[in-house]
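In: The following comprises the amino acid sequence and a computationally predicted model.
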Amino acid sequence: MQTPGGHRRPSGSQERPRDTRYTLRRLWGYLCRHRWMLLAAAALALASNLLALLGPMLSGLAIDAIGTVPGQVDFPRVFFYAGWMLAFYLLSALLGYLFSLLMIRLSQRVVRQMRGDLFSHLMDLPVRYFDSHQTGDIVSRISYDIDTVNTSLSSDLLQIGTSAITVVGSFGMMLAISPALLAVFAVTVPLSILWTRYMTRKVRPLFSRRSAELGALGGLSEEAVSGLRTVKAYSGEEAVTARFDAQDKRALDAQYAADYYGTMTGPSVNFINNLSLTLVSVLGATLFLFGKITLGNLSSFVLYSRKFSGPINEIANIASDLQSAFAAAERVFRLIDELPEPADAPDALPAGAVRGEVELDRVSFGYDPTAPVLKDFSLRAPPGSLVAIVGPTGAGKTTVINLLMRFYDPQSGEIRLDGRETRRITRDSLRRCYTLVLQDTWLFSGTIAENIAYARPDATREEVVAAAKAAHIHRFISQLPQGYDTPLTGDEAAISRGQKQMLTIARAMLLQSNMLILDEATSNVDTRTERRIQGAMRQLMEGRTCFVIAHRLSTIQNADVILVVKDGRVVEQGDHASLLQRGGAYAELYWAQFQ
Ligand SMILES: Nc1ncnc2c1ncn2[C@@H]1O[C@H](COP(=O)(O)OP(=O)(O)OP(=O)(O)O)[C@@H](O)[C@H]1O
């Protein structure tokens, strides 16, 4: 039996990269939510860099104060300039420190918002999304990809911000000192810009691939870890390790390719910039010879030229980090951009108090619209009735539940609750009308009491205990050292599958909804215990419209209507006695179990 919509398909590990501008705009949107912090950071960066920019100029003035004639050094002036240099550099360092602090805080806030948006959007996605994407890949977006964006925002963006100011400032200073010497950069700067652009374009898809392959690796790990018992039971360790190995190799290859081209960018741009230093030295010496520049100015120019090309270098160096962050941000935004469950119809109203009359009227549905699973499916459940759905594996029983809960909507036909089409009822209120107990028991890390009270956190301890007693799980819980306060963590061994199922039944007992769906809800409980909780189950079903899917036909004999489903169609319906008498598909299933 599946959980509703529990079929999983691996995600396509390759998604087409979007353009950088789109991702940048989205990131910018997040940053702008903290525009005051951003503005303060920009002001700090500007002040810190402008102060640092004064250093080379003061150094040049100090050199000129030394003069060219040995023994005629104007020490007071040298110390005067050196003193100012020290003061400016100190202040610049202090402002730089404050700037970094602010950027770290800013990136923390942005990441928190992004992660929050991502998670809450995840909750709004239709079941279909989870049916077709690997859990590990989704988790990797929430953790790994967002972390990558975080690192990049706090360090790379910071560097780019300060670099830009330094580049512009140094350029202005060099222009003031010697426009002639500046000509050197007319050759080297375009060269390094073109080269950096070429490399980033080359590297970006490689980083997208790296993120996707790492996501797939996460998916595989999640699959292997959650199914470890089965893997061991089938001695599949080697096969799963081989698959992991192959995927790990693919991820590492993708990482290597991205890092290889990423690291190539820095040194090559560095070389181009060093070339400019060589040219400045030659041209500067010539200008000095002709008395067009003082030694101090030349020295300042060289220092500014280092300041000017340094950030270009840095930007080239962090370009690969940025590419990796863009690829990660893109995967995050792609998830955020996934279409949520369609909004409720404009005329949809809350379900309100319902009697519990459910009708499926000639419903056809396929997960893939071209391959129908339910064909012309009709059923009518009067209020308070017990409807059992039986049929062979893959017949479409769980699919009926998926439609009742509106995890999916039918392609044709109508589903009605109390005569109202369910599309005219808000999804949330419709789902609240049902209590759903699945074979797939889902317990979260919290105490036993919290797990039982999951759908009603306001329930008192007495109510929780009464529910547990009704589900015949109270004795077991009381024997635990911490009783109802026993934490349920990942330690699956501490509690059996049957006990887990009883806990989910206790959880259902606490709810007062008018309709109940039991999808193989007692399949893990032994027949004796099942018989013992029958009374409680009957009490739970009392007065409620119930849909029960059970392979064990003994549990549904008292149903008002039994629907026999085969290949997505109702092939027989009636109560137990009439269906047995008929000697058709139901009788066949029944005798197959009891003979
Ligand atoms: N999320 C899904 N995506 C695509 N196909 C699906 C999905 N869920 C179920 N199916 C297909 O729909 C058909 C009906 O599945 P369903 O789970 O409703 O059967 P079932 O009668 O509940 O079977 P079982 O008794 O084994 O649980 C199957 O062929 C199944 O492969």
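Out: All right, it came through fine.

In: If we ignore the residues flanking it in sequence, what's nearest Met199?
Out: Using C-beta to C-beta, 6 or more residues apart in numbering and skipping the chain neighbours, the partner closest in space to Met199 is Thr265 (4.3 Å). In this view, the C-beta of every residue, glycine as well, is placed from N, C-alpha and C.

In: repeat for Ala41
Out: Nearest non-adjacent residue to Ala41, counting by C-beta to C-beta, 6+ apart: Leu102, 4.6 Å away.

In: sorry, back to before: sticking with the residue nearest to Met199, tell me its helix or strand.
Out: helix 237-289 (DSSP states H and E).

In: how about the nearest residue to Gln134, chain neighbours excluded?
Out: Gly219 (3.2 Å).

In: Would you confirm that that neighbour contacts Thr135?
Out: Yes - here Gly219 reaches Thr135: they are 6.9 Å apart, a contact under C-beta atoms under 8 Å.

In: overlap in contacts of these two?
Out: Residues touching both Gly219 and Thr135 (C-beta atoms under 8 Å, 6 or more residues apart in numbering): there are none.

In: When these two are compared, which one has more neighbours?
Out: The residue with more neighbours, out of Gly219 and Thr135, is Gly219; 23 against 15, by other C-beta atoms under 10 Å.

In: So for the more buried one, what's the pLDDT?
Out: On the pLDDT scale, Gly219 is placed at 81.

In: switch to numbering from 555
Out: Okay, using 555 as the starting number, the last item reads as Gly773.

In: How about the secondary structure of it?
Out: Here Gly773 is recorded as helix under DSSP: H, G, I helix; E, B strand; the rest coil.

In: What of Val693?
Out: helix.

In: Who are the contact partners of the closest residue to it other than its chain neighbours?
Out: In this structure, Val693 finds its nearest non-sequential neighbour in Gly772, 6.1 Å apart by C-beta to C-beta, 6+ apart. When contacts are counted by C-beta under 8 Å, 6+ apart, Gly772 is found next to Gln688, Gly690, Asp691, Val693, Ser694, Tyr698.

In: Please pick the buried ones from the residues you listed.
Out: Neighbour counting with 16 or more other C-beta atoms under 10 Å marks Gln688, Gly690, Asp691, Ser694, Tyr698 as buried within the contacts of Gly772.

In: Switch the residues you listed over to CSV; also include pLDDT and distance to the ligand.
Out: Output for those, formatted as CSV (pLDDT from 0 to 100; distance: C-beta to the nearest ligand atom, whole Å):
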residue, pLDDT, distance to the ligand
Gln688, 81, 14
Gly690, 80, 18
Asp691, 83, 17
Ser694, 84, 22
Tyr698, 84, 26
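
In: is it possible to export those residues to JSON lines including distance to Leu604?
Out: Listed next are the buried ones among the contacts of Gly772 as JSON lines, based on distance: C-beta to C-beta, whole Å:
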{"residue": "Gln688", "distance to Leu604": "50"}
{"residue": "Gly690", "distance to Leu604": "48"}
{"residue": "Asp691", "distance to Leu604": "46"}
{"residue": "Ser694", "distance to Leu604": "42"}
{"residue": "Tyr698", "distance to Leu604": "38"}
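
In: hey, where'd the helices end up in the stretch 655-804 of the chain?
Out: For the stretch 655-804 of the chain, the helices defined by DSSP state H, counting those that start in this stretch occupy 681-685, 689-694, 700-705, 711-731, 733-780, 782-787, 791-843.

In: Give the ranges of residues in the stretch 1005-1149 of the chain that sit below the confidence cut-off.
Out: 1044-1047, 1078, 1086-1087, 1089-1090, 1148-1149 (pLDDT under 70).

In: Write out the residues of it neighbouring the ligand.
Out: By C-beta under 6 Å from any ligand atom, no part of the stretch 1005-1149 of the chain sits against the ligand.

In: swap the cut-off to 8 Å and go again
Out: Proximity of the stretch 1005-1149 of the chain to the ligand (C-beta under 8 Å from any ligand atom) is limited to residues Asp1073, Glu1074, Ile1103, His1105, Val1119, Gly1122.

In: Mark which of these are part of strands, please.
Out: In strands, judged by DSSP state E, the following of those are found: Asp1073, Ile1103, Val1119.

In: What number of neighbouring residues does the residue in the stretch 955-1104 of the chain that the ligand sits nearest to come out with?
Out: Ranked by C-beta to the nearest ligand atom, the top residue of the stretch 955-1104 of the chain for proximity to the ligand is Ile1103, at 6.7 Å. Neighbours of Ile1103 under the rule other C-beta under 10 Å: 24.

In: just Trp749 next, same as before
Out: Based on other C-beta under 10 Å, the number of other residues close to Trp749 is 16.

In: thought it was touching Asn824?
Out: No - using C-beta under 8 Å, Trp749 is not in contact with Asn824; the gap is 11.0 Å.

In: Quick one: residues contacting the residue nearest to Ala595.
Out: Residues near Leu656 by C-beta under 8 Å, 6+ apart: Met591, Ala594, Ala595, Leu598.

In: next one: Gln801
Out: Taking C-beta under 8 Å, 6+ apart as the definition, contacts of Gln801 comprise Glu767, Ala770, Leu771, Leu774.

In: Can you name the two of the residues you listed that sit furthest apart?
Out: Using C-beta to C-beta, the pair of these lying farthest apart is Glu767 and Leu774, separated by 10.5 Å.

In: Dead centre of the protein: give me the residue that sits there.
Out: Geometric centre of the chain, nearest residue: Ile696, 3.2 Å, by C-alpha atoms, centre = their mean.

In: What sits closest to Thr742 if chain neighbours are left out?
Out: Nearest residue to Thr742, sequence neighbours excluded (C-beta to C-beta, 6+ apart): Ser830, at 3.9 Å.

In: give me the number of residues near the residue nearest to Pro904 when sequence neighbours are not counted?
Out: Sequence neighbours aside, Ser983 is the residue nearest to Pro904 in space, at 4.1 Å (criterion: C-beta to C-beta, 6+ apart). By the criterion of other C-beta under 10 Å, Ser983 has 15 neighbours.

In: circling back: relative to helix 733-780, how tilted is the helix holding Thr819?
Out: Helix 791-843 and helix 733-780 are oriented at 170 degrees to each other (axes from the mean of the first three to the mean of the last three C-alpha atoms, to 10 degrees).

In: Tell me which residue in the stretch 655-804 of the chain sits closest to the ligand.
Out: Closest point on the stretch 655-804 of the chain to the ligand, by C-beta to the nearest ligand atom, is Asp685, at 3.8 Å.

In: Tell me which helix or strand in this protein has the weakest average pLDDT.
Out: Every helix and strand of the chain was ranked by mean pLDDT, DSSP states H and E. The lowest is helix 1081-1095, at a mean of 72.

In: just how off-centre is that helix within its chain?
Out: 41 Å (C-alpha atoms, centre = their mean, to the nearest Å).

In: For the stretch 1005-1149 of the chain, just list every one of the helices.
Out: Along the stretch 1005-1149 of the chain, the segments classed as helices by DSSP H, counting those that start in this stretch run 1015-1024, 1028-1033, 1051-1063, 1081-1095, 1130-1136, 1139-1148.

In: which one of those is the most hemmed in?
Out: Highest mean neighbour count among the helices of the stretch 1005-1149 of the chain (mean count of other C-beta atoms under 10 Å): helix 1051-1063, with a mean of 22.

In: ok, residues contacting that helix?
Out: By C-beta under 8 Å, 6+ apart, the residues outside helix 1051-1063 that reach it are 989-993, 995-997, 1002, 1005-1009, 1018, 1020-1022, 1024-1027, 1030, 1049, 1070, 1075-1080, 1083, 1087, 1090-1091, 1094.

In: Now do it and helix 1015-1024, the angle between them.
Out: Using the same axes, to 10 degrees, the direction of helix 1051-1063 lies 130 degrees away from that of helix 1015-1024.
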